[in-house]
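[1] Got a sequence here, can you build the structure:
(chains A and B)
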Amino acid sequence: MDDKLKKLEQLFEMQEGTLKPDMQLKELEEWDSMTRLSFIVMMEDDYGKKVTRTEVMNYKTVSDILDGMV
Amino acid sequence: MLGKLEIQSCKFCELQERISTIPRTGRLFTNFYGQKELINQKFQVVQTNQTIVFWYLDTAVCRVYFYSVNEPEIKELLKMAPQGAVLDIISKKRGEKDKWESVTGFPAYAVYGRLGRHIVGAEEEREHFLQNPLDRFYREEYGCPAQREQLAEIQKILRERFDVYADHLYSDEEMAELIVNNQVWIQCEDNKITTIFVYKIEGKKFYSNISFNDSTADVLYSIQKKVLLKAVEEYNITYYYGWIRINNRQALRKNHYPDFDAYDYVMCQRGE
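    The predicted structure follows:
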């Protein structure tokens, strides 16, 4: 979990230890269109998993993203 | 000390006549440049021999203009504008927030930077897009012109997501016309509009002040590229510009923290 959070913090360009699983994505300005695209690319490159735009847009919390990172 | 001033009504042509009577006896202060979009408006005007202040009700806000060779009078006459009135002051210089607060007496509400770029030709523009890191995600199939029946949904999204005071949102009539002219492009996901891109052609200038994207960055990029390249070919566009709020982190990042070639100081009696 910690590794995945760290990875997301890098993606979000946030300081280590600032991202929490229960955070609402709509309240995070870092979760913007560029980060959403970068997430899709990261999932494909690092996890070999294709994530669709619709899936990404339906994520509500940081936890939803973490659940997809398997 | 100013005497009792009366607020009068007038049309655009009369306004220009009134402005022409102001003698150029000192340094000119103005945020009025004969903007074409004002031609059909009716204004409320208050005037002295050296200063004219006028305003009209835009889609949702009252927009105010001044033209003066007497700086202290500007603040005094602006006090007669309705509460919540908004001033847009365009300047080439950054960091003039305090100056305009002092001149107008209106608190600064937001500052926008103009992102402008000269366009040489279609080939060069295509090459320019190829240099963009997002270009590897470009998809021709992203985006389509909005349809008339989507007007209400588009306006609802824009009114919810944009700042009615600072962003120049279009009225329903203006937006309907833009839709008819294929100048509103959208992308839908699950039957919901997730991306909106609105542009205008001003002679050989391509102007976009509205882009909204709840989807991924490649979608809006693809729409922008497709639409701009088409416009460059059809209208021989030589200049592209848009405005972004200078503290909009998301927009700054997407545009690679650009240099701005002009600033719009939005002053509003409501304050920040």
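[2] So which residues on the stretch 1-150 of chain B come close to chain A?
    Contact residues (Cβ under 8 Å from any Cβ of the partner chain) of the stretch 1-150 of chain B with chain A: B:134, B:137. C-beta coordinates here come from the backbone N, C-alpha and C atoms, glycine included.
[3] Distance check, the residue of the stretch 1-150 of chain B found nearest chain A against residue B:204.
    Of all residues in the stretch 1-150 of chain B, the one sitting closest to chain A is residue B:137 (6.8 Å; Cβ to the nearest Cβ). Using Cβ to Cβ, to the nearest Å, residue B:137 is found at 29 Å from residue B:204.
[4] all strands for chain A, in order.
    For chain A, no strands turn up when DSSP state E is the criterion.
[5] Name the spans of it whose pLDDT lies under the cut-off.
    In the predicted model, chain A carries pLDDT under 70 at residues A:1.
[6] for the stretch 1-150 of chain B, same thing?
    B:1.
[7] can you give me the strands in chain B?
    For chain B, the strands defined by DSSP E cover B:8-11, B:29-30, B:42-47, B:51-57, B:62-68, B:86-91, B:108-118, B:144-145, B:184-189, B:192-202, B:205-213, B:239-245, B:262-268.
[8] which other residues reach the fifth one?
    So that's strand B:62-68. For strand B:62-68, the external contacting residues (Cβ atoms under 8 Å, 6 or more residues apart in numbering or on different chains) are B:19, B:22, B:28-32, B:50-57, B:74, B:77-78, B:81-82, B:84-88, B:104.
[9] Are any of those residues buried, and if so which?
    Neighbour-count burial (16 or more other Cβ atoms under 10 Å in any protein chain shown) applied to these gives B:19, B:22, B:29-32, B:50-56, B:74, B:77-78, B:81, B:85-88, B:104.
[10] Does the residue of the stretch 1-150 of chain B closest to chain A touch residue A:37 like I think?
    Yes. Between residue B:137 and residue A:37 there is a contact under Cβ atoms under 8 Å: 6.8 Å.
[11] shared neighbours, those two?
    In terms of Cβ under 8 Å, 6+ apart, residue B:137 and residue A:37 are both contacted by the residues B:217, B:218.
[12] More neighbours: which of the two?
    Shown here are residue B:137 and residue A:37; by other Cβ atoms under 10 Å in any protein chain shown, residue A:37 has more neighbours (20 against 17).
[13] wait, isn't the more buried one in contact with residue B:216?
    Yes. If you go by Cβ under 8 Å, residue A:37 and residue B:216 touch, sitting 4.1 Å apart.
[14] ok, residue 16 - contacts?
    Reading this off chain A. Contacts of residue A:16 were listed using Cβ under 8 Å, 6+ apart, and they are A:6, A:9.
[15] that answer is for a different chain, and I need it for chain B
    For residue B:16, the contacting residues are residue B:34, by Cβ under 8 Å, 6+ apart.
[16] run the last query once more with 6 Å
    By Cβ atoms under 6 Å, 6 or more residues apart in numbering or on different chains, no residues touch residue B:16.
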